[in-house]
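*Asks:* What would the 3D arrangement of this be:
(2 chains)
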Amino acid sequence: AQSVTQPDIHITVSEGASLELRCNYSYGATPYLFWYVQSPGQGLQLLLKYFSGDTLVQGIKGFEAEFKRSQSSFNLRKPSVHWSDAAEYFCAVGPILTGGGNKLTFGTGTQLKVEL
Amino acid sequence: DAGITQSPRHKVTETGTPVTLRCHQTENHRYMYWYRQDPGHGLRLIHYSYGVKDTDKGEVSDGYSVSRSKTEDFLLTLESATSSQTSVYFCAIRAGDTNSPLHFGNGTRLTVT
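*Replies:* Coordinates of the predicted model:
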């Protein structure tokens, strides 16, 4: 069964500092990986995804993530955090499919607080 | 904007009453999903649909049923609401091919008293 672990429930960083949010997954084959962000009272917005190819993927809002197969990780990074980045971040994993429903498994989320 | 509308946005109901949540999409996507979000659990899949009248269970389907009589609407029903079903419910669609990401609605906050 696929699973996702986000070991940090809360993270606080200063505005302008760099950010790394951790995500570890468990899956028996090459996974399809995502990062989503959720602002209060809103749905989840896709930040980036990894399907295949270059293991460093760029997303929206200046975020990037690196797929490391040997570590079963897909950590999210941003070089300089802005106050508007304060939100909850979810990592998700799903199977690469040729047909059928793509059922994603989500981590429990990391709440990011940005100090001014 | 993936054209997903969830209704109602907020609902308070009493234990034992039936509740139906609606997800409406405007773009005729085949796959639709219902997730619930709870602190410490992230999002968990309740049911999903891969076409009109074609649905399947997710990991937390007990106490929930779904129906999809039209491509654009996916209904989630709590036959007899319990306090453990107090949660935020999100509908999602998969736009595009098999490996496209999910796009989410803005959620329904349900409180069962």
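
*Asks:* just checking, what's the longest strand in chain B?
*Replies:* strand B:42-51 (DSSP state E).

*Asks:* show me what contacts residue 26?
*Replies:* No chain specified, so I'll use chain A. A:A1, A:Q2, A:S3, A:V4, A:T5, A:S72 (Cβ atoms under 8 Å, 6 or more residues apart in numbering or on different chains). The C-beta positions use only the backbone N, C-alpha and C, and glycine is treated the same way.

*Asks:* switch to chain B, that's the one I care about
*Replies:* B:G3, B:T5, B:E72.

*Asks:* pLDDT value on A:G28, please?
*Replies:* Looking at A:G28, its pLDDT reads 74.

*Asks:* which element is it on?
*Replies:* Here A:G28 sits in a region with no helix or strand, counting by DSSP states H and E.

*Asks:* Tell me how many other residues surround it.
*Replies:* Counted by other Cβ atoms under 10 Å in any protein chain shown, the residues lying close to A:G28 total 8.

*Asks:* What sits closest to it if chain neighbours are left out?
*Replies:* Closest residue to A:G28 apart from its sequence neighbours, by Cβ to Cβ, 6 or more residues apart in numbering or on different chains: A:Q2 at 7.9 Å.

*Asks:* and what of A:E20?
*Replies:* A:R77 is the one closest to A:E20 (Cβ to Cβ, 6+ apart), at 5.0 Å.

*Asks:* is the one you found in a bridge, and if so with what?
*Replies:* Per DSSP bridges, the residues bridged to A:R77 are A:E20, A:E64.

*Asks:* surely the residue nearest to A:G28 meets A:T30?
*Replies:* No. Contact criterion Cβ atoms under 8 Å: A:Q2 and A:T30 do not qualify, at 11.8 Å.

*Asks:* Using the centroid of chain B, identify the residue furthest from it.
*Replies:* B:D97 (20.9 Å; Cα atoms, centre = their mean).

*Asks:* Can you tell me how far that one is from A:V37?
*Replies:* 23 Å (Cβ to Cβ, to the nearest Å).

*Asks:* Repeat that for B:C23.
*Replies:* In terms of Cβ to Cβ, B:C23 sits 21 Å off from A:V37.
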